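>>> A predicted structure for the sequence below; I have some questions about it.
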Amino acid sequence: MSSNSPPAVSGDPPAADVEMGLEDQPEKEEEEVDPLKAMIVNRVMDVVFVFYVMVFAGTFVYVARITNNNFRDLWQNAVLELPLMALTFWLISILRKCLLHVLANKGSMRCGCDLSTKLLASKK
């Protein structure tokens with residue numbers, strides 16, 4: 001009934017937690033998303049996306065009409081416009097994620113503390 005290992009102290013974390021680095025890690029809070037705000041942000045960003053599609057398509061059609069079958073000018077427009085269009089669409093998707101994080105999360109605009117209770121307590 002004798003063992004060579006030292007007795008476990010009740011305050012020590014289990015060995016498996018120490019090996020995996022799981023001790024003293026704060027739990028991540030789940031972000032609560034307000035569905036109405038998320039829907040509004042998504043709809044606004046969809047409108048922005050469609051607007052930019054129309055702008056790029058319109059400029060391409062305009063250049064195609066004024067070049068009078070000069071494919072060199074049309075090709076230059078496509079080479080200049082397509083990377084700009086791809087960059088804009090990529091930025092729109094990043095902007096959508098950022099706006100959802102900032103505007104649609106419940107409590108995202110708060111600092112994490114309730115100042116009113118501290119101010120009321122100091123007046124007593």
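Right, received. Where do you want to start? Since we're looking at a predicted model, the values are computed, not measured.
>>> Let me know the pLDDT of residue 99.
Looking at residue 99, its pLDDT is 86.
>>> Which other helices and strands does the helix or strand where it lies contact?
In the assignment (DSSP states H and E), residue 99 maps to helix 71-99. If contacts are counted by 3 or more Cβ pairs under 8 Å, 6 or more residues apart in numbering; DSSP states H and E, helix 71-99 sits against helix 35-66. C-betas here are computed from N, CA, C, even on glycine.
>>> What is the burial count for residue 54?
By the criterion of other Cβ atoms under 10 Å, residue 54 has 10 neighbours.
>>> shaky segments in this protein?
Within the chain, the ranges that satisfy pLDDT under 70 run 1-31, 106-124.
>>> List the contacts of residue 92.
With contact taken as Cβ atoms under 8 Å, 6 or more residues apart in numbering, residue 92 is in contact with 45, 48, 49, 52.
>>> ok, and the closest non-adjacent residue to the second one?
Spatial nearest neighbour of residue 48, excluding adjacent residues (Cβ to Cβ, 6 or more residues apart in numbering): residue 92 at 6.1 Å.
>>> thinking again about what came up before, list only those of the contacts of residue 92 flagged as buried.
The neighbour-count test (16 or more other Cβ atoms under 10 Å) applied to the contacts of residue 92 identifies residue 45 as buried.
>>> any idea which of the contacts of residue 92 is closest to residue 102?
When those are ranked by distance to residue 102 (Cβ to Cβ), residue 45 comes first, at 12.9 Å.
>>> Now do the contacts for that closest one.
Residue 45 sits next to 92, 95, 96, 99 when contact means Cβ under 8 Å, 6+ apart.
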